[in-house]
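Q: build me a model from this:
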Amino acid sequence: MSLIPSFFGGRRNDPFSLDVWDPFQNFPFNSSSLSIPRSNKTTQFANTRIDWKETPEAHIFKADLPGFKKEEVKVEVEEGRVLQISGERNKEKEEKNDTWHRVERKSGSFFRRFRLSENAKVDEVKASMENRVLTVTIPKEEVKKSEVKSVEISG
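A: From the prediction side, this is the model:
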């Protein structure tokens, strides 16, 4: 029995799922052109929180990644306009003479995917990491406003 309310449409539309979030999933057009393979990869950092905001100029993603170095994080754009942010933190080396009293910091990986809208300029993605906060900026193309042309009626 699912604990997800029915207005989320069950597991498939679960907002807490590790699957790719597709904001266009229920739009009334051919969704087969938008489909991407789902990943069943589970991680120890499943609760890695990522904010996504859209401004008039760009899509901006921010992720708090405490304990991660920028070399341990990957930002990729896959075919089908899918942004993938992942990373892996390895266990600290155990020295023979060390005595560990408590190990609470997690090691492992995280993996998040987001479908980008058609206006995202995927060839111009920029990523930076400052104070363990990853910022990914994807500029947007200008949306062309449709012109209205008057047609003279003859007769």
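Q: give me the distance between the two termini of stretch 112-125.
A: 16 Å (C-alpha to C-alpha, to the nearest Å).
Q: show me what Ser128 is bridged to.
A: On the basis of DSSP bridges, Ser128 is bridged to Thr135.
Q: that one against Val75, yeah?
A: No - if you go by C-beta atoms under 8 Å, Ser128 and Val75 don't touch, sitting 10.0 Å apart. Every residue, glycine included, has its C-beta placed from N, CA and C.
Q: can you check which residues contact both of these two?
A: Leu134 (C-beta atoms under 8 Å, 6 or more residues apart in numbering).
Q: higher neighbour count, these two?
A: Counting neighbours by other C-beta atoms under 10 Å for Ser128 and for Val75 shows that Val75 has the greater number, 18 against 10.
Q: which residue sits closest to Phe94, ignoring its sequence neighbours?
A: No Phe there; residue 94 is Glu. Sequence neighbours aside, Trp100 is the residue nearest to Glu94 in space, at 7.3 Å (criterion: C-beta to C-beta, 6 or more residues apart in numbering).
Q: what values do phi and psi take at the one you found?
A: Main-chain dihedrals, Trp100, degrees, to the nearest 10: phi -90, psi 130.
Q: likewise for the one 10 residues further on?
A: The phi and psi torsions at Phe110 (degrees, to the nearest 10) take the values phi -130, psi 160.
Q: tell me, how many neighbours does it end up with?
A: Counted with other C-beta under 10 Å, Phe110 comes out at 23.
Q: tell me how many other residues surround Lys140.
A: Number of residues near Lys140 (other C-beta under 10 Å) recorded here: 18.
Q: wait, I meant Phe111
A: When neighbours are defined as other C-beta under 10 Å, Phe111 has 18 of them.
Q: one more: the one 4 residues further on?
A: Arg115 has 19 neighbours, counted by other C-beta under 10 Å.
Q: wait, it sits on Glu78?
A: No - taking C-beta under 8 Å as the definition, Arg115 is not a contact partner of Glu78, at 9.9 Å.
Q: and the residue nearest to Leu83 when sequence neighbours are not counted, bridged to which residues?
A: Distances taken as C-beta to C-beta, 6+ apart place Phe114 nearest to Leu83, at 4.7 Å, with adjacent residues excluded. Beta-bridge pairing for Phe114 (DSSP bridges): Trp21, Leu83.
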